[in-house]
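**Student:** Structure for this input, please:
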Amino acid sequence: MLYWFIQIAAGILARFLFRLEIRGRGNIPSNGAFILASNHRSNLDPVILSVCIDRRLSFLAKAELFENNISRWILRRLDCIELKRSGEDKAALKKGIRVLRDGRALLLFPEGTRSRDNRLGKARPGISLFAFTTGVCVVPAYVTGTEKVLPIGSRCIRPNTVRVTFGRPLYAEKGIPYEMRKAGYQVFADSIIDGISNIEKGKAADN
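**Tutor:** Next up is the predicted model:
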């Protein structure tokens with residue numbers, strides 16, 4: 001209940017304050033599990049992406065955001081998964097995989113952190129683990145404008161146009177031997193970043 005209330009309220013604010021523009025929504029699966037993979041410029045990105053689709057969206061959030069009792073209560077009711085960024089957080093990985101196996105949507109940021117210069121960084125292979133393990137498609141997304149609405153280090157929201165574009169789904173190659181998957185993780189992660197980059201350059205077809 002809280003999730004949908006916040007999503008509706010955030011959606012109204014986004015359209016009035018940020019003149020939110022959405023393209024490629026037809027690339028979002030209407031049902032079944034999928035991974036939404038986006039560039040990351042602002043803490044506002046998960047909120048903006050969630051109001052752009054008509055499905056409930058879970059996402060990984062750094063453990064530091066769960067330290068406050070109030071924020072922890074809200075984040076857990078928004079289907080946020082606590083992620084400890086020091087080393088491999090196996091508990092968070094298992095929860096993310098469970099989300100996908102339950103037929104739901106999971107938001108991941110392939111770069112692993114926010115961009116400091118608004119450029120796409122190198123992909124981390126972790127996103128591929130989710131795709132290879134569950135076999136779901138990955139929908140690339142490109143967000144721009146949030147870095148001006150809520151810049152890194154700022155607590156003040158500033159009106160600015162925000163644009164979100166969804167690209168065509170990508171699929172991990174099937175039938176790769178287990179012993180070769182680790183090397184394949186980085187290759188597929190790089191292809192996801194390429195998909196996001198193509199949207200940024202205007203090369204991705206809209207739906």
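
**Student:** Which residue ranges of this protein form helices?
**Tutor:** For the chain, the helices defined by DSSP state H cover 2-17, 45-52, 69-77, 90-101, 126-134, 146-149, 178-200.

**Student:** buried stuff in the last one?
**Tutor:** For helix 178-200, burial by neighbour count (16 or more other C-beta atoms under 10 Å) applies to 181, 184-185, 188-189, 191-193, 195-200. To be clear about C-beta, it is placed using only N, CA and C from the backbone, and glycine gets the same treatment.

**Student:** Make CSV out of those residues and add pLDDT.
**Tutor:** Putting those into CSV (pLDDT from 0 to 100) gives the following:
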residue, pLDDT
Arg181, 71
Gly184, 84
Tyr185, 88
Phe188, 92
Ala189, 94
Ser191, 94
Ile192, 96
Ile193, 96
Gly195, 96
Ile196, 97
Ser197, 96
Asn198, 95
Ile199, 95
Glu200, 91
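
**Student:** contacting residues for Ile127?
**Tutor:** Counting by C-beta atoms under 8 Å, 6 or more residues apart in numbering, Ile127 touches 35, 37, 108, 110, 138, 189, 192.

**Student:** Show me the two of these that sit farthest apart.
**Tutor:** Largest separation among those by C-beta to C-beta: Ile35 and Ala189, giving 11.4 Å.

**Student:** Just give me the longest strand of this structure.
**Tutor:** strand 137-144 (DSSP state E).

**Student:** in the chain, which segments are predicted with low confidence?
**Tutor:** Confidence mapping of the chain against pLDDT under 70 gives the ranges 1-2, 85-87, 174-180, 204-207.

**Student:** quick one on the thing from earlier: let me have the helices of the chain in TSV, extended by distance to Thr165.
**Tutor:** Listed next are those as TSV, based on distance: least, C-beta to C-beta, whole Å:
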stretch	distance to Thr165
helix 2-17	15
helix 45-52	10
helix 69-77	27
helix 90-101	23
helix 126-134	19
helix 146-149	13
helix 178-200	5
